[in-house]
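Engineer: my questions are about this predicted structure, shown below with the sequence.
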Amino acid sequence: MSNICGVIKMNIKRTYIIVLDSFGIGAEPDAPQFGDHDCNTLRSIVSSPKFSAPNLKKLGLFNIDGVDCAAKEETPLGAFGRMREKSMGKDTTIGHWEIAGIVSEKPLPTYPNGFPDDLIAELEKAFGRKILCNKPYSGTQVIHDYGQEHEKTGALIVYTSADSVLQIAAHESIVPPEKLYEYCRIARKILKGEHSVGRVIARPFIGSYPNYERTPRRHDFSMLPPGETMLDALTAKGFDTIGIGKISDIFAARGIGRHIPIESNIDGMNKAIATLDDDFNGLCFVNLVDFDMKYGHRRDVDGYANATTVFDKQLEEFMNKMKDDDILMITADHGCDPKAAGTDHTREYTPLLIWGKQVKANVNLGTRPTFADIGATTADLFGVKFATQGTSLKEKFLK
């Protein structure tokens, strides 16, 4: 704590970054380059009768530049702005890496026609099992279409999406989750060089045809980030780092001191709220994937809107428990407009809402040129420096 000119300033002890996975707020200028046009996740869900977000509104969500789908807050409680993605992608991995300070100049490889035959042959040899599908597919549809053949033959269901991913689905009675994870680790080692996909994802499922269900035992095996992130920088200086949800997966566990798995958005927020009772000094990084996985990709407008309403209620509890030396940042990693054509992510601006007892009210941060400003700001709050294209916003919002 310091006293400058009679104003008492406390050191920031804990910073929370909560990523509302896919919560976009409008098309970026280069959206057509990514196959997107008039996309706006926030506008789509606000149109639903299931949407209610008074706490996000108080923080300034509808005061952000370019957001015109609901009434503005007269005096927002904190700082607000919109983030433009500088990286050449619109997926989870690249989005989170950029939040953490790394701008990806080249897109990760994608496979709109499936993986090459020679790569599939190499995977089959390494697995000792045949492969089914090898196409871009919806995760729920692929197990419906290939689940029976998988159960009869033991062949693995391998598929991709518009993202840079290789996904392996298997029934838990045929391939136990730990064995499926082993196959994913093998695939992760094989997928190098030109085939360095962002994530290899284990997709276990249960049940009987036609009522197969994916289980919460999904696991992501990501590439290592190609440079230093805010997590690495904080860890090197002795600060605590907690990853809630799939944060550890996205960063291949690097820079994560404590991993807390979750089963849903609600569970994730409950666990984030629980950490407010913990005595730690550093960053808690949270990903709430249901927005994207359960509602965005499935183009479920009402489901997405209702999930936002539930989050907003939990947000109030979270804010009420925050201590004087805590900072909260709420953002997203890309868009996934539930009214857009297809099932892919959408290239959108993302929100940045910052609040805490030491944050000035009604500060418009404008449009930031890169998500990496979040990583730079987080490190700066703890007096840590690292190489990034981001710029710290600390001086703009801190009292």
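Structural biologist: Thanks, I have it.
Engineer: grab the nearest non-local neighbour of D30.
Structural biologist: Among residues not flanking D30 along the chain, R347 sits closest, at 6.7 Å (CB to CB, 6 or more residues apart in numbering). From N, CA and C alone the C-beta is placed, and that goes for glycine too.
Engineer: tell me the contacts of that neighbour?
Structural biologist: Contact partners of R347, counting by CB atoms under 8 Å, 6 or more residues apart in numbering, are 27-28, 30-31, 33-34, 36, 39, 85, 90, 334-335.
Engineer: now which of the residues you listed would you call buried?
Structural biologist: Buried members of the contacts of R347, counted by 16 or more other CB atoms under 10 Å: 27-28, 31, 34, 36, 39, 85, 90, 334-335.
Engineer: need those residues in JSON lines with secondary structure, distance to L365 and pLDDT, can you?
Structural biologist: Listed next are these as JSON lines, based on DSSP: H, G, I helix; E, B strand; the rest coil; distance: CB to CB, whole Å; pLDDT from 0 to 100:
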{"residue": "A27", "secondary structure": "strand", "distance to L365": "20", "pLDDT": "98"}
{"residue": "E28", "secondary structure": "coil", "distance to L365": "17", "pLDDT": "98"}
{"residue": "A31", "secondary structure": "helix", "distance to L365": "22", "pLDDT": "97"}
{"residue": "F34", "secondary structure": "helix", "distance to L365": "24", "pLDDT": "94"}
{"residue": "D36", "secondary structure": "coil", "distance to L365": "24", "pLDDT": "96"}
{"residue": "C39", "secondary structure": "coil", "distance to L365": "22", "pLDDT": "98"}
{"residue": "E85", "secondary structure": "coil", "distance to L365": "16", "pLDDT": "98"}
{"residue": "K90", "secondary structure": "coil", "distance to L365": "22", "pLDDT": "95"}
{"residue": "H334", "secondary structure": "coil", "distance to L365": "19", "pLDDT": "98"}
{"residue": "G335", "secondary structure": "strand", "distance to L365": "19", "pLDDT": "98"}
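Engineer: tell me which two of these sit farthest apart.
Structural biologist: C39 and E85 (13.1 Å; CB to CB).
Engineer: low-confidence stretches in this structure?
Structural biologist: 1-9 (pLDDT under 70).
Engineer: ok, back up a step: need the contacts of R347 in CSV (columns: distance to G227).
Structural biologist: Formatted as CSV, those follow (distance: CB to CB, whole Å):
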residue, distance to G227
A27, 28
E28, 23
D30, 23
A31, 26
Q33, 24
F34, 23
D36, 27
C39, 29
E85, 17
K90, 20
H334, 20
G335, 25
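Engineer: and which of those is nearest to T391?
Structural biologist: Of those, the one sitting nearest to T391 (CB to CB) turns out to be E85, at 15.3 Å.
Engineer: in contact with the closest one, which residues?
Structural biologist: 28, 94-95, 98, 334, 347, 349-350, 370-371.
Engineer: need the max-distance pair from those.
Structural biologist: I94 and Y349 (15.3 Å).
Engineer: relative to F251, how far out is T388?
Structural biologist: Remark: distance between T388 and F251 (CB to CB, to the nearest Å) = 15 Å.
Engineer: my guess is S104 contacts K90. True?
Structural biologist: No - taking contacts as CB atoms under 8 Å, S104 lies outside contact range of K90: 11.1 Å.
Engineer: ends of stretch 343-357, what's the gap?
Structural biologist: One end of stretch 343-357 sits 40 Å from the other (CA to CA, to the nearest Å).
Engineer: buried sites along it?
Structural biologist: 343-356.
Engineer: where do the helices sit along the stretch 1-150 of the chain?
Structural biologist: For the stretch 1-150 of the chain, applying DSSP state H, counting those that start in this stretch gives helices covering 41-46, 54-59, 92-99, 117-127, 139-153.
Engineer: ramachandran angles for E348?
Structural biologist: phi -130, psi 160 (degrees, to the nearest 10).
Engineer: if you could redo that for T377, that was the one I meant.
Structural biologist: phi -70, psi -40.
Engineer: which helices and strands sit right next to the lengthiest helix in the chain?
Structural biologist: As assigned by DSSP state H, the longest helix anywhere in the chain is helix 301-321. In terms of contacts (3 or more CB pairs under 8 Å, 6 or more residues apart in numbering; DSSP states H and E), helix 301-321 is packed against helix 41-46, helix 54-59, helix 265-275, strand 326-331.
Engineer: winner for burial among these?
Structural biologist: Comparing those by mean neighbour count (mean count of other CB atoms under 10 Å), helix 41-46 ranks first with a mean of 25.
Engineer: alpha carbons of that one, as PDB, please.
Structural biologist: Output in PDB follows, covering the C-alpha atoms of helix 41-46 (Å, rounded to 0.1, in the frame of the first residue of the first chain):
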ATOM      1  CA  THR A  41     -23.300 -12.700 -31.200                       C
ATOM      2  CA  LEU A  42     -24.500 -10.100 -28.600                       C
ATOM      3  CA  ARG A  43     -27.100  -8.600 -30.900                       C
ATOM      4  CA  SER A  44     -28.500 -12.100 -31.700                       C
ATOM      5  CA  ILE A  45     -28.900 -13.100 -28.000                       C
ATOM      6  CA  VAL A  46     -30.300  -9.800 -26.900                       C
END
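Engineer: got the contact list for that helix?
Structural biologist: Contacts for helix 41-46 (CB under 8 Å, 6+ apart): 22-26, 51, 61, 67, 69-70, 296, 301, 304-305, 308, 335-340, 346, 348, 351.
Engineer: the residues you listed in strands, which ones?
Structural biologist: Secondary structure defined by DSSP state E assigns P351 of these to strands.
Engineer: show me which residues of the strand or helix carrying R203 are buried.
Structural biologist: Using DSSP states H and E, R203 maps to strand 199-206. Within strand 199-206, the residues that count as buried by 16+ other CB under 10 Å are 199-205.
Engineer: widest-spaced pair of these?
Structural biologist: Farthest pair in the buried residues of strand 199-206, by CB to CB: R199 and F205, 18.1 Å.
Engineer: quick one on the thing from earlier: buried subset of the contacts of helix 41-46?
Structural biologist: Applying 16+ other CB under 10 Å to those flags 22-26, 51, 61, 67, 296, 301, 304-305, 308, 335-340, 346, 348, 351 as buried.
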